[in-house]
Every structure is written in C-alpha cells, then in structure tokens.
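# for reference, the sequence and a predicted model appear below.
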Amino acid sequence: MEPKTKIRWSEYNKKIADDKFFYLRSCIRQNFNPGAEKVFLSILQNNLRKEVYDDPHHTTCSGIGYHSDIVPFETFQTMVARQFSLMTERGYKNCAVSCITSFGGYNEVLSTWKEFPEELEKTRENLLKATGRTFEIPENLSHACDIIYHFRKEIAAQARYRLINKETGEPLKIVDHIGCHYAKIFPEKGVGGSEYSRVLTGMIEAWGGEAVDYPERRHCCGFGFRHYLIKNNRSYSISNSRKKFESMQPYHPDMILTNCPGCNMFLDRWQYALAQIEGKVYGGKNGIPVLSHEELAGLVLGYDPWKDIGLQMHQIDVEPFLNKIGVEYHPKQKFTGVKGQYINEPAFTGCLARKD
Amino acid sequence: MYSDLNQRLKADVRLEEGLQACMNCGICTAICPAAEFYEYDPRSIAITVQSGNEEKIAALLEGDTIWYCGQCMSCKTRCPRNNCPGLIISVLRKLSQETGAFIKSRMGRQQYLIVKTIGANILRFGYCVHPNSLVPATHPEQGPVWRWIYENMHEVYAAVDANLDGDGPGAMRKISPTDLDELHQIFEVSGGLKLYQTIEYFSQLKAVEMGLTDTNGKADMEKYTQYLLNE
C-alpha cells in the first residue's frame, strides 16, 4: 500500500517519544483483552528495554461517559488533569495511552487548553479544589499503537515469526481498522492522518505481511457510544460493522488488525452475532481473526498466545492465523487456569456451533 | 418555556470550536454513519444552530434527532471548513439535559439508562466498564466466549496475569478508596454529579407524568427503567 500513498501519508508524521512512558490503561481493553496490555508492557520493558510506569492510582478517564453525554466537558477535563497529575507526581513527561477514546479525549482537552487558556485555569482550580493536586501538561502524548509503530523495525529484528504463509511463502493479507478517535478529530496526531493512516499498515509491512486496502477501510466500527450501550440501539452498531465486513470480504483477508480496544472487541463479537442472525460467515469456516497491534506484535515476537497474550478471550478463533504463520502453541492450554488446569470451556468458539 | 438558548449554546467553548460559518455543503451528511441508518442530517443541524432560531433549536432539544449521532467524528475530518457537527451535537445534548428537554423524546429519555449503567460504574468501580456489569443475559451479542469468561471470571483473568479486583497495579485492579474518593470529589466540584442528578430529576418527573408510580404516587424508577428498555 505504501507506494500509492507515500506522498500523502508522509505529510502526517507525528513525534513519538523514545522512552520513559507513563502508561494509561483502557477500560475496554482491560475488560476484554487484558493480555494485550500485559504483552504491550512486556514488549516495552523486556524486548525494547524501555522504561514504562504502570500506576495503580489512575482510573477511567470517563471518556465513554463523556461521549455518551452523561459526563460534562468540565468534569472530563478535570479527570484528564488528574491522570496528568499522577504522571507529574511520578516524574514522567510522556503518556502512553492504551485507549483510542481516551487518546482522542486527551487531545481534545489539550487542544482546548491551548485555544482557551481560561479552560485550563478553570480545570487547574477544579482539580486543586477537589483533590489538592497540581499537574504539568505532558510533553508527548502517544497511543500505544504509535509506540509499537515507532519501534516496528526493532520488533522485526527480534521477530520469531513473520507474517508470511509458511506453506506458500506468500505474505498474509491483512486489513486494518483504525479507531475513529485516533485521527479523525485531530489528523495531525495520527501517523498518516486519518485518510492515509500508516500506523497499522506500517507494522504489517515491517513484519512481512501485505496491507490490503478496502473501500470502507475508514468507516466506523459502529460503537456509537450510546448506540451500543443501550440494547435497543445496538442495530446501529452491528449494521456499521456489517458494512465493513461486506467491504473487506472480497479481498479474503487472513486477519483484521485494529488499534482501538472497542473496535477490536466489536469486530470480533459482531462476526459471531451476524452469523447467528443471518447465517453468514465472512471468512474461513468460522470468521476472520481480529487482533490488536499489541497482540500481533506479541505473536511475531514469539509470546505464548494463551498465557502471555490471552487470545482465548476472543470469540473468533485465532488458530487459523497462528497456523498460517507457523506459531507454536498448545491447543489444550487454551482454556486452562493459573496452574495450567482445565477450567471448562465456552459452548463454542467462532461464528457457528460445530455440527459433530 | 426555554430562554436564551443561543446564549447558553454559545457559552460552551466547544460550539466555537465546532461551528464557524457552515456553508451547507453537506459533506458531513454524506460521510455520516448515523445518516446512513437513521433519519439524521448533521448538515441541517449545523445550519439550524448557525441560524440562531430559538424555536427551531428548542425543537432540536426536544426531539430524537440529536441523539442519533454516534460521536465517531468522521464529520470533523471531512469538513472543508474544519467544523465538527459531532461537537455541536455534544453541546446540544448537554443543553437538552440541563433544560429537561431530553425527556420529551424516546432517544433522549435513554440517558437515564446510561447514568444508571456507565455513570454508576464510574463512581462505583472507577471504570466505565467492569466485568461484573456485563451480564451475558443483557449482552447476548457477546457470545459464548464472554459467557465462559463471565462464569469463570477470576480464573480466566488470573490466567493472563490480570489483577481483577486486586490491590496494586495491573488490568482491572481494584481502584483504591482514596482514588475513588478523589474521583467523587472531581465529579462534585466540576458538575458531574449535578448532571447525573439533573438527568435523574427530570426522569422522575417523566415517570410520574406517565403514571409509573408506587403506591404513594412517587416515581417508580424500576418501572420507568423497564419501560425505557422496551420503548
């Protein structure tokens, strides 16, 4: 994909810090894919020898509440300021953000403070009054995918596996889906902007795969905040994801790569739901595997798919993708507990129950 | 019924960021996912707010339309003048809730459900989402794997070194009482709690108006919740 878009995406190259990160977790990623955050920290600390601090005192940024309109902007700004206060307290200046909603929200708040200094002053007063805290504005704010992208070549140099079909020697075809709030609000804050995003395709190509464009690549996954949160409105969410699956299916992708915790979960779960509703499966026998940037980086570096990355928490089986690359894994360890004991297993995985 | 709607909208800095001389080109509507699935036209909303017509703005605050936006912000990227109808929507929704106009529309009334779920999670757990609140019966779309996670919660999270409800750092760690207290204080000082209470207050009025009351004639919010879930 690079030659066609190189001139356009290269206009959007943001600064990404090299080291000393203050980590800000994601509500959704912790819930649905906690192994992704674990492997991200491990890659930074153990593979790249970077310093990253995981502070137990940080909380939700309240971004889902903000975009579903129950949390006022003034409160959201103060919640963000508290995260920055914790960063300041620990002596860090670079934020590494796990969540795309948070990332977009932090950028919105920082932009507001720049455009309207009185909002910054009001936030400082609110935080001081509420908690006695003060804060510094971060020098660098990067999403976790920015950081993986920044070090994609170092990761490639250490990779145990490449994104190549071990049987045919052909690059695996991978489609990406960029979370809307990564760059649609502030294109200059995303690698490649929002129209020609490079942050995930750069990883795919660095690790040997083929990044495949598709017409609805930029379309929203359909989270829609209040539309998913309220059961009556979920048809909006599934309809948007369906539009994406229909658009990518003709390209026969081996995998969908995401950078947003919510998108990662929705594109996984809605494939199951659509199969149950319409009987349609969009890839292979049981769906197209969906992985996030941390999960994919972990796989190519040789981390264990179950114990290290937690890929058993996906509805769509990842095994077809692992088999294509040649990842070594133990099928029987997929549904085991802390001590390796079998702990029961889902009624079925993938899109449709197997007919034995 | 309402007063100074224009002035109140303009008092929000986000309107200044989101709306500057819309030329009515309609690219926001062309690209909008909500416009594809709902009777929703962000272009006309931008024009209405820009016109300053108080009667039409009041109609927006009371209607379903402003609640159709999915907040993806695709409109922001594509607007040739860098306007952001999604941000205009945020300002309108805030005013709709502050004035109580939201209870006049089916979509607006749903805000009560969000306060009771996401709003409660934020104050109780320090997270917008917590595994305990993702009950498989109300989330059938989450599928068999989520049910397996839910039913074996502590073992599954521990197997990937998550720290579910535990002390110290890690995924889904327990947010300490001290940190939760700071969060509560932030909501108190900055108007977060007041907005929750405003949404609850107007929702109670609506419940009474609809006859969803207890034996003492007071709002029965459990009945109201069930009504909203099936509305």
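Arrived safely, thanks for sending. Numbers count the residues shown, from 1 in each chain, chains lettered A, B, ... in the order given.
# quick check: buried residues in stretch B:151-158?
B:152, B:153, B:155, B:156, B:157, B:158 (16 or more other CB atoms under 10 Å in any protein chain shown). For glycine as for every other residue, the C-beta is placed from the backbone atoms N, C-alpha and C.
# from those, which land in helices?
Mapping the buried residues of stretch B:151-158 onto helices (DSSP state H) picks out B:153, B:155, B:156, B:157, B:158.
# any idea how far the closest residue to chain B within the stretch 101-250 of chain A is from residue B:3?
With CB to the nearest CB as the measure, residue A:224 is the residue of the stretch 101-250 of chain A nearest to chain B, at 3.1 Å. According to CB to CB, to the nearest Å, residue A:224 stands 32 Å off from residue B:3.
# contact partners of the longest helix along chain B?
Using DSSP H, we find that the single longest helix of chain B is helix B:192-209. Here helix B:192-209 makes contact (CB atoms under 8 Å, 6 or more residues apart in numbering or on different chains) with A:62, A:70-72, A:75, B:94, B:97-98, B:100, B:102-103, B:109, B:111-112, B:115, B:119, B:184, B:186-187, B:213, B:217-221, B:223-224.
# can you say which of those are buried?
A:62, A:70-72, A:75, B:94, B:97-98, B:100, B:102-103, B:109, B:111-112, B:115, B:119, B:184, B:186-187, B:213, B:219-221, B:224.
# distance from the helix or strand hosting residue A:271 to the middle of the chain?
Secondary structure assignment for residue A:271, by DSSP states H and E: helix A:261-278. Centroid displacement of helix A:261-278 relative to its chain, using CA atoms, centre = their mean, to the nearest Å, is 16 Å.
# adjacent strands (with direction) for the helix or strand just after it?
Sequence-wise, the next helix or strand downstream of helix A:261-278 (DSSP H and E) is strand A:290-292. Partner strands for strand A:290-292, per DSSP bridges, with pairing direction: strand A:255-258 (parallel).
# so which bits of the strand it pairs with are buried?
Residues of strand A:255-258 classed as buried by neighbour count (16+ other CB under 10 Å): A:255, A:256, A:257, A:258.
# tell me which of the residues you listed is nearest to chain B?
Distance to chain B, by CB to the nearest CB, is smallest for residue A:258 among the buried residues of strand A:255-258, at 14.8 Å.
# can you pull the contacts of the closest one?
A:176, A:177, A:178, A:179, A:200, A:264, A:267, A:290, A:291, A:292, A:293.
# please name the nearest non-neighbouring residue to the third one.
Across the structure, with CB to CB, 6 or more residues apart in numbering or on different chains as the measure, the residue nearest residue A:178 apart from its sequence neighbours is residue A:197 (4.8 Å).
# now do the fourth one
Taking CB to CB, 6+ apart, and ignoring the residues beside it in sequence, residue A:179 has residue A:260 as its nearest neighbour in space, at 2.6 Å.
# with residue A:349 as the reference, measure out to the residue of chain B positioned farthest from its centre.
Taking CA atoms, centre = their mean, the residue of chain B most remote from its mean C-alpha position is residue B:159, at 34.1 Å. Distance of residue B:159 to residue A:349, computed by CB to CB: 16 Å.
# and if you look at residue A:267?
16 Å.
# again, but for residue A:156
30 Å.
# give me the more crowded residue out of these two.
Shown here are residue A:156 and residue A:349; by other CB atoms under 10 Å in any protein chain shown, residue A:349 has more neighbours (24 against 17).
# return the residues in contact with the residue nearest to that one when sequence neighbours are not counted.
Excluding the flanking residues, the one nearest residue A:349 by CB to CB, 6+ apart is residue A:317, at 5.1 Å. Residue A:317 is in contact with A:286, A:287, A:289, A:349, A:350, counting by CB under 8 Å, 6+ apart.
# could you do residue A:236 as well?
Shown in contact with residue A:236 (CB under 8 Å, 6+ apart): A:222, A:224, A:227, A:228, B:33, B:34, B:37, B:38, B:70.
# what would these look like in TSV with neighbour count, pLDDT and secondary structure?
As requested, the contacts of residue A:236 are exported to TSV (neighbours: other CB atoms under 10 Å in any protein chain shown; pLDDT from 0 to 100; DSSP: H, G, I helix; E, B strand; the rest coil):
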residue	neighbour count	pLDDT	secondary structure
A:222	28	96	coil
A:224	28	97	coil
A:227	29	97	helix
A:228	23	97	helix
B:33	25	97	helix
B:34	28	98	helix
B:37	19	95	helix
B:38	19	96	coil
B:70	29	98	coil
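# tell me which two in these are the farthest apart.
Pairwise distances across those peak at 14.7 Å for A:228 and B:38 (criterion: CB to CB).
# looking from chain A, tell me which residue of chain B is nearest.
residue B:70 (3.1 Å).
# look up phi and psi at that residue.
Backbone torsions for residue B:70, taken as degrees, to the nearest 10, come to phi -100, psi 10.
# ok, it touching residue A:219?
No: counting by CB atoms under 8 Å, residue B:70 stays clear of residue A:219, with 11.3 Å between them.
# quick check: neighbours shared by those two?
Residues within reach of residue B:70 and of residue A:219 at once, by CB under 8 Å, 6+ apart, are A:240, B:33.
# so the residue of the stretch 101-250 of chain A closest to chain B versus residue A:32, what's the distance?
Applying CB to CB, the value for residue A:224 to residue A:32 is 17 Å.
# what segments of the stretch 1-150 of chain A are helices?
Here the stretch 1-150 of chain A has its helices, by DSSP state H, counting those that start in this stretch, at A:2-9, A:27-32, A:34-42, A:63-67, A:73-89, A:100-115, A:117-131, A:144-150.
# near chain B, which residues of the stretch 151-300 of chain A show up?
Applying CB under 8 Å from any CB of the partner chain, we find that the stretch 151-300 of chain A lies next to chain B at A:180-181, A:183-185, A:187, A:194-195, A:218-220, A:222-227, A:229-236, A:238-240, A:243, A:269-270, A:272-273.
# thinking again about what came up before, out of the ones in helices among the buried residues of stretch B:151-158, who's near chain A?
Answer for these near chain A (CB under 8 Å from any CB): B:155, B:156, B:157, B:158.
# would you format the residues you listed as CSV with pLDDT included?
Formatted as CSV, these follow (pLDDT from 0 to 100):
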residue, pLDDT
B:155, 96
B:156, 97
B:157, 97
B:158, 97
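# nearest to residue B:65, of the residues you listed?
Ranked by distance to residue B:65 (CB to CB), those are led by residue B:157 at 41.1 Å.
# hmm, that closest one is touching residue B:166, no?
No: counting by CB under 8 Å, residue B:166 is not a contact partner of residue B:157; they are 9.4 Å apart.
# where in the stretch 251-356 of chain A is pLDDT low?
Judged by pLDDT under 70, the stretch 251-356 of chain A has its weakly predicted residues at A:354-356.
# quickly list the domain ranges of the chain.
I'll assume chain A. If you go by automatic domain parsing, the domain ranges for chain A are A:15-144, A:146-333.
# let's do chain B instead
Split by automatic domain parsing, chain B gives B:5-101, B:110-127+B:175-231, B:134-174.
# next, the distance between the ends of the last one.
The straight-line separation of the ends of domain B:134-174 (CA to CA, to the nearest Å) is 17 Å.
# which pLDDT value goes with residue 80?
In the absence of a named chain, this looks at chain A. Looking at residue A:80, its pLDDT stands at 98.
# to clarify, I was referring to chain B.
Looking at residue B:80, the pLDDT reads 93.
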